[in-house]
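> Based on what follows, work out the 3D shape:
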Amino acid sequence: MPSSKVEDAWATLDAIARRPGAGSIRPHFAADPHRAARMTHRAGDILLDLSRTAIGPDALPALFALARATDVEGFRDAMAGGAAVNVTEGRAAQHMTLRMPSDATDAATARDLPAQTLARMRSFTDAVHDGTIRGATGERFTDVVNIGIGGSDLGPCMVARALWTPGCPMRAHYLANVDAHAWDALRHGLDPTRTLVLVASKTFTTQETMTNAALVRGWLAEALGEAGAATHLVALSTNLEGAAAFGIPPERVFGFSDTVGGRFSVWSAIGLSLALALGWPAFERFLAGGHAMDEHFLGAALEDNLPVLLALAEIWHVNGLGYPARAVLPYDERLSRFPAHLQQLEMESLGKAVHVDGSRVSRRTGPVVFGEPGTNAQHSFMQLIHQSPVPVPVDFILVANPDHAHPDSHRKLLANGLAQAEALLAGRSEQAVRAEMAAAGAARIAEVAPHRVFSGDRPSTVILLPRLDAFILGQLVALYEHKVACLGALWGINPFDQWGVELGKQLAAHILPALEGRSAAPDPTTAPLIAEIRRLQGLG
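Below you'll find the predicted structure:
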């Protein structure tokens, strides 16, 4: 249960949030002409602008008081020190050790395994790229297929899409969904003689991953024979016996610690597809960017700490103002999978109903996270964000300098992103709408004008990057990882377990025999659907 000190801090924040006009943003700009500068913070290459939130001069100190009452700094330091902050599984959360530089003065034995694995990954990557390691027919590998799901797919897929260019050493492909339509769509663009396959499963038992791995191994064996197929397989796993039974020898198995959750594992052996596709220097720069954000997170005061500030903005929106969702809009096509990565990172970490001691939470925890790249989002769900009765806070992610040579396109992209943030704040009154319609000679003004009113005062944050490269992307990903850790401390929940994922897996194992006709349906509510499915398949 939260302590009285924590409850008092919450009570203070709740009282401020209940004041009339607590959700208004525009009055803060009117009262403080320097608000934009005062509410903008920087760390490394990242600029964070929180000025378009309703966090005012009373709420901000109350939020910092809450952070101190819940000991965010202590939780941060315990996590960095290797304490078992994942209390339900009795484990540390050591994703930061994965991106520490090899020459770091760190005596912790936890660093030994990541360093050894990284050295093996680099050696393997170099050997593939220089042609020392080739396919069964002597061809060089040109494509890598990563088979995994959840954190074994979303993180690396997002990074590959963000950083890959035609000049990169290999092409990367990602296969996650157990729906075989995904494999059928992918395989037609691949040559089995030039394709390296990574099977990413810590336990080497994940149903979706192993089903897809069997499909892909069969495709390789059909072209290369069983022995030849084995030379195209690599395991990202800790299960040496399971990998060996699948035909993958120990020297082709790259492991990672159980102190690293899947959604935090892109920095580990799970990132091997990135090293292969982007090249080792790019992967190393990605790790270095993550480490740079680690150093900021561990060393900056709460008032200037970007992950803490992002987390406190979320607390204000979710708990203070009662907003149940947040949109993530990267105005850069290369970050098109970043919202999906954040969906898992945040919703799997923070969707909890109990505190670390098992007592029920009394406040809302993680919001729904969704998003799309701008400007696509403007033509899909932004209508709801502009005019729905309940505001939806937005993270706008802007990149100042593109990698393409089409400046006009990029200026229009940035103009749209900035305009959306401005429109959410400013809105448009009915008086302004009526005047605009009258000037245009529009008819039915009284009838139509209410539909064109925008209330404004809708919150957003802006994250501005100078460019998108491996080092800066590493900073951005680590920023959100640390935000999640801070929210775990603020809400008093464990952000590093995910028991909600397990129940569906267990039930699927009981339903599968019924679909195969080997047993009766385990649940009467599911039995009619199973019977109908079998009838439609010609089996019932």
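
> Just the buried residues of the lowest-mean-pLDDT helix or strand in the chain, please?
Lowest on mean pLDDT, DSSP states H and E among the helices and strands of the chain sits helix 502-515, with a mean of 87. For helix 502-515, the neighbour count (16 or more other CB atoms under 10 Å) marks I511, A514, L515 as buried. Where C-beta positions appear, they are placed from N, C-alpha and C, glycine not excepted.

> With respect to G289, which of the residues you listed is nearest?
Of all the buried residues of helix 502-515, G289 sits closest to I511, with 43.1 Å by CB to CB.

> ok, that closest one - contacts?
Residues in contact with I511, defined by CB atoms under 8 Å, 6 or more residues apart in numbering, are A521, P522, T526, I530.

> who touches the next helix or strand after the least confident helix or strand of the chain?
From helix 502-515 onward toward the C-terminus, using DSSP states H and E, the following helix or strand is helix 527-536. With CB under 8 Å, 6+ apart as the test, helix 527-536 has contacts from I511, A514, L515, G517, A520, A521, G540.

> Equivalent analysis for stretch 166-174, please.
Outside stretch 166-174, the residues touching it (CB under 8 Å, 6+ apart) are 128-129, 141-146, 148, 153, 156-157, 160, 164, 186, 190, 196, 273-274, 276-279, 282.

> Which ChimeraX command selects the buried ones in these?
Those of those that count as buried under 16+ other CB under 10 Å are selected in ChimeraX with:
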select :128,129,141,143,144,145,146,148,153,156,157,160,164,190,196,273,274,276,277,278,279,282
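
> In helices, which of the contacts of stretch 166-174 appear?
V128, H129, P156, C157, A160, L186, S273, L274, L276, A277, L278, A282 (DSSP state H).

> Which of these sits closest to S409?
A160 (22.9 Å).

> outside of stretch 466-473, which residues touch it?
Contacts for stretch 466-473 (CB under 8 Å, 6+ apart): 44-46, 159, 162-163, 278, 282-283, 285-286, 288-289, 292, 332, 334-335, 399-403, 465.

> repeat that with 10 Å
Stretch 466-473 is contacted from outside by 44-47, 158-159, 162-163, 274, 278-279, 281-292, 330, 332, 334-335, 338, 397, 399-403, 465, 476, using CB atoms under 10 Å, 6 or more residues apart in numbering.

> got any ranges where the protein has weak pLDDT?
Applying pLDDT under 70 to the chain picks out residues 1, 104-113.

> which residues in it form strands?
40-43, 46-49, 143-147, 171-175, 195-200, 233-236, 253-254, 325-331, 368-371, 394-399, 460-465 (DSSP state E).

> Quick one, which of those strands gets closest to W10.
Comparing those by CB to CB, strand 325-331 comes nearest, at 20.4 Å.

> coming back round to it: would TSV of the strands of the chain with distance to E502 be doable?
Listed next are those as TSV, based on distance: least, CB to CB, whole Å:
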stretch	distance to E502
strand 40-43	36
strand 46-49	35
strand 143-147	21
strand 171-175	23
strand 195-200	19
strand 233-236	21
strand 253-254	25
strand 325-331	25
strand 368-371	21
strand 394-399	30
strand 460-465	33
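
> Nearest spatial neighbour of R42, chain-adjacent residues omitted?
Leaving aside its sequence neighbours, R42 sits nearest to L48 (CB to CB, 6 or more residues apart in numbering; 7.3 Å).

> With V328 instead?
Counting by CB to CB, 6+ apart, V328 lies nearest to G371, which is 3.5 Å off, once chain neighbours are set aside.

> which residues sit in contact with that neighbour?
Shown in contact with G371 (CB under 10 Å, 6+ apart): 326-330, 335-336, 338-340, 342-343, 377, 381, 394-395, 397.

> Run through the residues that contact E481.
Applying CB under 10 Å, 6+ apart, we find E481 in contact with 93, 95-96, 263-264, 266-267, 290, 293-294, 297, 307, 345-346, 349, 495.

> quick revisit: for the contacts of I511, which two are the farthest from each other?
Using CB to CB, those span at most 9.5 Å, a distance reached by P522 and I530.

> Mind checking which of those two has more residues around it?
Neighbour count, other CB atoms under 10 Å: between P522 and I530, I530 has more, with 18 against 14.

> quick one: that one from L507, how far?
12 Å (CB to CB, to the nearest Å).

> which residues are common contacts for those two?
P522, D523.

> T203 reaches N239, doesn't it?
Yes - using CB atoms under 10 Å, T203 is in contact with N239, at 5.7 Å.

> Comparing those two, which residue is more hemmed in?
Neighbours per residue (other CB under 10 Å) separate T203 from N239, with N239 holding more: 17 against 12.

> list the contacts for that one?
S201, K202, T203, F204, T205, A245, F246, V253, G255.

> Enumerate every residue touching the third one.
When you say that, I think you mean T203. Shown in contact with T203 (CB under 10 Å, 6+ apart): T209, M210, S237, T238, N239, G242, D258.

> contacting residues for the last one?
This means D258. N86, E89, R91, A92, Q94, K202, T203, T238.

> What of the first one?
The contact partners of T209, taken as CB under 10 Å, 6+ apart, are 147-150, 152-153, 175-176, 178, 199-203, 236-237.
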